[in-house]
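Undergrad: Prediction below, plus the sequence it came from.
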Amino acid sequence: MFEIEYGDGGAVMCRGRLDAAQCEKAEAFMGELEGENTLDFTDLEYISSAGLGILLKTQKRLAGSSAGLKIINVNNHIYDVFRYSGFHAIFDIEAKE
Amino acid sequence: MFEIEYGDGGAVMCRGRLDAAQCEKAEAFMGELEGENTLDFTDLEYISSAGLGILLKTQKRLAGSSAGLKIINVNNHIYDVFRYSGFHAIFDIEAKE
Amino acid sequence: MQREFPRHLNSLAGLYEFTEEIMKAHDLPDGIRFPVHLATEELFVNMVHYNPTVTTDIEVGIDVAEQVTVSLVDNGGVEFDVTAKREVDVDSPLEERKPGGLGLHLIQNLVDSLEYQYQDGRGEVIFTKKSGNKDV
Amino acid sequence: MQREFPRHLNSLAGLYEFTEEIMKAHDLPDGIRFPVHLATEELFVNMVHYNPTVTTDIEVGIDVAEQVTVSLVDNGGVEFDVTAKREVDVDSPLEERKPGGLGLHLIQNLVDSLEYQYQDGRGEVIFTKKSGNKDV
Ligand SMILES: Nc1ncnc2c1ncn2[C@@H]1O[C@H](COP(=O)(O)OP(=O)(O)O)[C@@H](O)[C@H]1O
Ligand SMILES: Nc1ncnc2c1ncn2[C@@H]1O[C@H](COP(=O)(O)OP(=O)(O)O)[C@@H](O)[C@H]1O
């Protein structure tokens, strides 16, 4: 299961597992984002390359006009995936405590 | 530890682990055997190629004049080792129940 | 364990459950489960995407085994390749058998992998032995 | 875990205890412990016997890991070698990055082994992932 919605503090809360079958849902939501946004990955367990593609696409769209996406509370497995993908140079990423 | 001695029923009881460091003990005992003998491996956990060498040597010495060694209650790991060594053709071997 | 999955992204949820259940049953930590799920999904999704006209199911097998790896390092010993196949006499009649020469033969039959490296006087043998069902 | 043993048959008892303790701690069954002990002893004894003038200790390492093996079989798909090294863009600035192409790159970085076989329309990918300490 994958869920995406605005949290109380204004960040976009991502929950569950973002696999290739959940990308439409993610893309529909992210396609509406404007300006600067924070994605909170506290409850995101898993992401695969299909999800990375959406993040990259969204970042390309937003970064022209703003600081783009900030991704916080990233678990260490997803952090590894970001690192192998070279996402640290193009996103503002914060690991989980 | 490895122990070898006559059991109550007349069989030679082998106990423990017959590794290369225990071969002197095994060889000293087996060198004294004459005629037909049964080796009981109920409590023998382990044998390596050094022990196989002693069995073979003893068998060669005895088999000229008698039926040689019968080996009973062989655990399945030692049974495998005998099988890989082609010992079934030259010893009378019985697996543990 | 093996299962067939329809060639469709809708299979991903079931594929996850199938592999997760087996890995959980073996108490495998997150640090293994995550990359296994990722690699499995990526490969499956590619098989779906890049064969759009194919309709056969995709067969997925998973197996968990415990693996022991042992290394022995011999500094200053002669170079000797323990992995080389050897002639061993396990067939001839008793009179012709000679004691000795069975050790490497047994090893080669009992272990799952056997490697030898030698460099500058340092010889190293590494072997592995796995538990469990080996067919995936 | 690693330990050094004097190059002598008297070391066999300690060598057995060392490896047995680690394998018992991992609840490994007899069916693995027996061949591991046998292979370890045979190799050690040979290093002793065939290097009678060498006086260095013999270093023995043992490591137990859990290994997951996954296979995916694609009947009727195109032949595609997932093990081939790929050019992946993980360095250029945002404007130049393109979505896609990361899946195989991630797999190749995350798994421990990756194999591909293709024959008569049957493509099979097998990968493994190990837990635990990998240095022996
Ligand atoms: N570490 C080693 N160094 C040199 N020669 C070896 C080594 N290990 C094995 N050999 C050679 O390989 C032969 C076969 O070894 P093995 O199968 O263990 O039987 P065995 O030691 O009982 O003869 C030995 O006789 C010896 O000539
Ligand atoms: N099973 C497959 N059959 C055919 N081509 C494949 C297969 N898997 C991967 N490819 C090719 O390799 C490329 C890289 O794959 P991958 O790294 O998973 O990224 P992506 O699928 O996102 O492009 C794909 O774009 C495709 O051209």
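TA: Nice, thanks for sending it over. Ligands and ions are numbered 1, 2, ... in the order given.

Undergrad: Going by neighbour count, which residues in the longest strand along chain A are buried?
TA: Longest strand of chain A, by residue count under DSSP state E: strand A:37-47. Of the residues in strand A:37-47, A:37-41, A:44-47 count as buried by neighbour count, 16 or more other C-beta atoms under 10 Å in any protein chain shown. For the C-beta atoms, the positions are set from N, CA and C on the backbone; glycine is no exception.

Undergrad: can you give me the strands in chain C?
TA: Per DSSP E, chain C has strands spanning C:2-5, C:58-75, C:113-119, C:122-130. These are given in chain order.

Undergrad: brain fart, chain A
TA: Counting by DSSP E, chain A has strands at residues A:2-6, A:12-18, A:37-47, A:69-74, A:92-95.

Undergrad: Same list, the ones you listed, but as TSV with mean pLDDT and distance to ligand 2 please.
TA: Shown next, in TSV, are the strands of chain A (pLDDT from 0 to 100; distance: least, C-beta to the nearest ligand atom, whole Å):
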stretch	mean pLDDT	distance to ligand 2
strand A:2-6	97	18
strand A:12-18	98	15
strand A:37-47	97	13
strand A:69-74	97	20
strand A:92-95	96	21
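
Undergrad: Out of those strands, flag the one nearest chain B.
TA: strand A:37-47 (42.2 Å; C-beta to the nearest C-beta).

Undergrad: can you put the strands of chain C in TSV and add distance to chain A?
TA: Below are the strands of chain C laid out as TSV (distance: least, C-beta to the nearest C-beta, whole Å):
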stretch	distance to chain A
strand C:2-5	12
strand C:58-75	14
strand C:113-119	28
strand C:122-130	25
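
Undergrad: I'd like the buried residues of strand A:37-47 laid out as TSV, including distance to ligand 1.
TA: As requested, the buried residues of strand A:37-47 are exported to TSV (distance: C-beta to the nearest ligand atom, whole Å):
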residue	distance to ligand 1
A:N37	64
A:T38	62
A:L39	58
A:D40	59
A:F41	54
A:L44	53
A:E45	49
A:Y46	48
A:I47	50
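
Undergrad: hang on, the earlier thing: ok, which of the strands of chain C comes nearest ligand 2?
TA: strand C:58-75 (10.2 Å; C-beta to the nearest ligand atom).

Undergrad: most remote residue from the chain's center?
TA: Answering for chain A, as no chain was given. Distance from the C-alpha centroid of chain A, by C-alpha atoms, centre = their mean, peaks at A:S65 (18.2 Å).

Undergrad: Switch to chain C, please.
TA: Chain C, farthest from centre, C-alpha atoms, centre = their mean: C:E95 at 39.9 Å.

Undergrad: pLDDT at that residue, what is it?
TA: Per-residue confidence (pLDDT) for C:E95: 91.

Undergrad: Dump the strands of chain A to CSV, plus distance to chain B.
TA: Below are these laid out as CSV (distance: least, C-beta to the nearest C-beta, whole Å):
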stretch, distance to chain B
strand A:2-6, 50
strand A:12-18, 44
strand A:37-47, 42
strand A:69-74, 49
strand A:92-95, 48
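
Undergrad: Give me the local confidence score for whichever residue of chain A sits closest to ligand 2.
TA: Nearest to ligand 2 in chain A, going by C-beta to the nearest ligand atom, is A:S49, at a distance of 5.4 Å. We have a pLDDT of 97 for A:S49.

Undergrad: longest helix anywhere in the chain?
TA: No chain was given, so I picked chain A. When every helix of chain A is counted residue by residue (DSSP state H), the longest turns out to be helix A:49-63.

Undergrad: Please refer instead to chain C.
TA: Longest among the helix segments of chain C by residue count, using DSSP H, is helix C:30-49.

Undergrad: which residues does the nearest residue to A:D40 once chain neighbours are set aside contact?
TA: Spatial nearest neighbour of A:D40, excluding adjacent residues (C-beta to C-beta, 6 or more residues apart in numbering or on different chains): A:A11 at 4.2 Å. A:A11 makes contact with A:37-40, A:72, according to C-beta atoms under 8 Å, 6 or more residues apart in numbering or on different chains.

Undergrad: separation between A:A11 and A:G68?
TA: Between A:A11 and A:G68 the distance, using C-beta to C-beta, to the nearest Å, works out to 14 Å.

Undergrad: With A:F91 instead?
TA: Remark: distance between A:F91 and A:G68 (C-beta to C-beta) = 7 Å.

Undergrad: and for the two, which residues touch both?
TA: In contact with both A:F91 and A:G68: A:Q59, using C-beta under 8 Å, 6+ apart.

Undergrad: returning to that earlier point: starting from the longest strand of chain A, tell me which strands it pairs with and how they run.
TA: Take DSSP bridges as the rule and strand A:37-47 pairs in its sheet with strand A:12-18 (parallel), strand A:69-74 (parallel).

Undergrad: From ligand 2, how far off is C:M1?
TA: Remark: distance between C:M1 and ligand 2 (C-beta to the nearest ligand atom, to the nearest Å) = 23 Å.

Undergrad: How about the contacts made by that residue?
TA: C:M1 is in contact with C:18, C:22, C:61-63, counting by C-beta under 8 Å, 6+ apart.

Undergrad: where does it land on pLDDT?
TA: Listed pLDDT for C:M1 reads 93.

Undergrad: ditto for C:D135
TA: At C:D135, pLDDT is 38.

Undergrad: what does C:P29 give?
TA: pLDDT, C:P29: 92.

Undergrad: my read: it touches D:V68, true?
TA: No. C:P29 is beyond contact range of D:V68, at 11.2 Å (criterion: C-beta atoms under 8 Å).

Undergrad: Show me what C:E124 is bridged to.
TA: For C:E124, the beta-bridge partners are C:V73, C:Q117 (DSSP bridges).

Undergrad: which parts of chain A sit against ligand 1?
TA: Within reach of ligand 1 by C-beta under 6 Å from any ligand atom, chain A has no residues at all.

Undergrad: Please name the residues that touch the residue nearest to A:R17 when sequence neighbours are not counted.
TA: Leaving aside its chain neighbours, A:R17 sits nearest to A:Y46 (4.2 Å; criterion: C-beta to C-beta, 6+ apart). Counting by C-beta under 8 Å, 6+ apart, A:Y46 touches A:16-19, A:77-78, C:34, C:37-38.

Undergrad: what's the answer for A:F41, then?
TA: Contacts of A:F41 (C-beta under 8 Å, 6+ apart): A:14, A:71-75, A:78, A:96.

Undergrad: Please apply the same query to C:I126.
TA: C:I126 sits next to C:69-71, C:113-117, D:136 when contact means C-beta under 8 Å, 6+ apart.
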